[in-house]
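[1] predicted model, plus sequence, below.
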Amino acid sequence: MIRAGRLKYVQTMADLADALGKSLGTVRNTKPYAAQGHPAPISSPGARAQLWDAEQTAAFYAGKPVPELPQADDDEDLLDRHEAAELLGIKPMSWNSYKQNPDLADGVVLVPEGPKGTEHWPRRLVLAYRDSRPGRGAGGGRRPGSGDMVPRDQILPRIAELLDADPAITLEAVADTLGITKFPTAQAGLVTLRGRRIADLVEARPGLGLKEAALQLGYPALTHRGAIKAAEGELHARSVKPYLQHAADVLAGAGVAPRAEAEVRQIDDGHLAAVILLEAGQPAPALVWDERYGWRTADNRRHPIGKYTETAPEGEGIRYLGSGLRPDPAELLDALLDGRKGTKRPKVNAGGRAGGED
């Protein structure tokens, strides 16, 4: 963890390479940080990005005594996902749902600062969240008369807590504990979360089947069909997200869209779509990616995807951009900014077949 007050001393592997006057590739290959007596990383053992304390490494390479770091826990210690999960007594993969809680999301700290930084949370926020969990700690449990007052953005994190405690929890137990309806709220939440966790497990263990993952996670056989279908959808969405995020980053870099994380949605028939909202003054309010037809402009910002139809949306304000279902983002940007480019109908029909042009 990053001890309170020591954020300014955090050193990434790239920082360590710079301090040693070596390239990052050389440091990765030679691993000088594995030498006997070298200061241990301050990142958790399971963290993808290793971090060190710069005061400690500077002393080590100068042949001086390595200073000790503070040992006492402090409310301002910064914890990564593994450490936060350990504090809550859950698995790191479960933290992906928990961190969506507004109090945690608003307090996240990227180390180092920037889009490639590793997420950390102040210990005080994690403790406060732990103490407010349903049925645990001060203020836990369902308050009398609370009814259906669980905020929408907290429903999945709350269900995730219950699922952690009992993988076989029933709809009735979730609905009663949280004061939400069984259908569709509790059911949809349980199916979604079980699907995500199955997807997490099969990604972490290549070769593991979805059915086997559901069994290992302790989910009742009655829930397998829905959870496995949700897992298939989740894995499919994850497979297209890198491309969509690249497109979003290119558009943001060109100043036509705000920087944002690409969000993939499942539409009524299960196919995927994504929306990139554009800045004011651009040729369209938003861009929509539909896995059936590729990219198109949207005719409004509030409901860019529009109502589900079995055929490609057409009409005023809709222009299909780029070649194929996943054109290079540079091509997409060029077509967006050049009103002469694009077609009224998609060049690719559902299923990837070439379509007509105007």
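    Thanks, I have it.
[2] how about the helices in the chain?
    Secondary structure of the chain (DSSP state H): helices located at 13-20, 24-30, 54-61, 81-88, 92-98, 102-106, 123-131, 152-165, 171-178, 187-204, 210-216, 221-253, 329-337.
[3] which of the ones you listed sits closest to Val275?
    Closest approach to Val275 among the helices of the chain (Cβ to Cβ): helix 221-253, 9.8 Å. The way it works is simple: take the backbone N, C-alpha and C, and place the C-beta from them, glycine included.
[4] buried residues in the closest one?
    Neighbour-count burial for helix 221-253, with 16 or more other Cβ atoms under 10 Å as criterion, is recorded at 223-224, 226-228, 230-231, 233-237, 240-241, 243-245, 247-251.
[5] and what of stretch 123-134?
    By 16+ other Cβ under 10 Å, the buried positions in stretch 123-134 come out as Arg123, Leu125, Val126, Leu127, Ala128, Tyr129, Arg130, Ser132, Arg133, Pro134.
[6] about what we covered before: can you list the helices of the chain in a markdown table and add distance to Arg265?
    A markdown table is the format used below for those (distance: least, Cβ to Cβ, whole Å):
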| stretch | distance to Arg265 |
| --- | --- |
| helix 13-20 | 35 |
| helix 24-30 | 37 |
| helix 54-61 | 42 |
| helix 81-88 | 25 |
| helix 92-98 | 18 |
| helix 102-106 | 19 |
| helix 123-131 | 27 |
| helix 152-165 | 15 |
| helix 171-178 | 24 |
| helix 187-204 | 13 |
| helix 210-216 | 21 |
| helix 221-253 | 8 |
| helix 329-337 | 19 |
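[7] dump the ones you listed into CSV; add distance to Met1 and mean pLDDT as well.
    Formatted as CSV, those follow (distance: least, Cβ to Cβ, whole Å; pLDDT from 0 to 100):
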stretch, distance to Met1, mean pLDDT
helix 13-20, 18, 95
helix 24-30, 23, 93
helix 54-61, 14, 97
helix 81-88, 5, 90
helix 92-98, 14, 79
helix 102-106, 16, 84
helix 123-131, 8, 89
helix 152-165, 22, 89
helix 171-178, 31, 87
helix 187-204, 23, 95
helix 210-216, 30, 97
helix 221-253, 28, 95
helix 329-337, 37, 97
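[8] quick one, which of those is nearest to Ile42?
    Ile42 sits nearest to helix 54-61 of all the helices of the chain, at 8.5 Å, using Cβ to Cβ.
[9] can I get that closest one in CSV, CA atoms only?
    C-alpha atoms of helix 54-61 as CSV (Å, rounded to 0.1, in the frame of the first residue of the first chain):
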residue,chain,number,x,y,z
ALA,A,54,11.7,6.4,-4.2
GLU,A,55,13.4,7.3,-1.0
GLN,A,56,14.0,3.6,-0.3
THR,A,57,15.4,2.8,-3.7
ALA,A,58,17.6,5.9,-3.8
ALA,A,59,19.2,4.9,-0.5
PHE,A,60,19.7,1.3,-1.7
TYR,A,61,21.4,2.3,-4.9
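[10] from the contact counts, what lies against that helix?
    Helix 54-61 sits against strand 10-12, helix 13-20, with contacts defined as 3 or more Cβ pairs under 8 Å, 6 or more residues apart in numbering; DSSP states H and E.
[11] specify the beta-bridge partners of Trp121.
    Trp121 has the following beta-bridge partners by DSSP bridges: Leu79.
[12] and it, how far is that from His246?
    According to Cβ to Cβ, to the nearest Å, Trp121 stands 27 Å off from His246.
[13] with Leu69 instead?
    Distance of Leu69 to His246, computed by Cβ to Cβ: 38 Å.
[14] walk me through the domains of this structure.
    For the chain, the structural domains run 78-106+124-235, 241-337, going by automatic domain parsing.
[15] neighbours around Ile267, how many?
    Per other Cβ atoms under 10 Å, the neighbour tally for Ile267 reads 15.
[16] who's in contact with it?
    Residues in contact with Ile267 (Cβ atoms under 8 Å, 6 or more residues apart in numbering) are Ala273, Asp290, Ile305, Tyr308.
[17] so for it, what's the pLDDT?
    The per-residue pLDDT reported for Ile267 equals 84.
[18] same check, this time on the one 5 residues further on
    With respect to pLDDT, Leu272 scores 95.
[19] now it, nearest residue through space, not along the chain?
    In this structure, Leu272 finds its nearest non-sequential neighbour in Glu291, 4.6 Å apart by Cβ to Cβ, 6 or more residues apart in numbering.
[20] so that neighbour touches Val240, yeah?
    Yes: contact criterion Cβ atoms under 8 Å: Glu291 and Val240 qualify, at 6.9 Å.
[21] which neighbours do those two share?
    Overlap of the contact sets of Glu291 and Val240 (by Cβ under 8 Å, 6+ apart) consists of Leu272.
[22] which of the helices of the chain sits closest to Pro45?
    Evaluated with Cβ to Cβ, these place helix 81-88 nearest to Pro45, the distance being 7.6 Å.
[23] and the closest one, what does it pack onto?
    By 3+ Cβ pairs under 8 Å, 6+ apart, helix 81-88 packs against helix 92-98, helix 123-131.
[24] in TSV: those helices, plus distance to Ala330.
    What follows is the helices and strands packed on helix 81-88, written out as TSV (distance: least, Cβ to Cβ, whole Å):
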stretch	distance to Ala330
helix 92-98	31
helix 123-131	40
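[25] who's in contact with stretch 6-14?
    Residues from elsewhere that reach stretch 6-14, judged by Cβ under 8 Å, 6+ apart: 2, 19, 24, 27-28, 33, 42, 49-55, 57, 69-70, 78, 109, 111-112.
[26] er, stretch 220-238 I mean
    With Cβ under 8 Å, 6+ apart as the test, stretch 220-238 has contacts from 168, 190-192, 194-196, 198-199, 202-203, 210-211, 213-214, 219, 264, 266, 270, 272.
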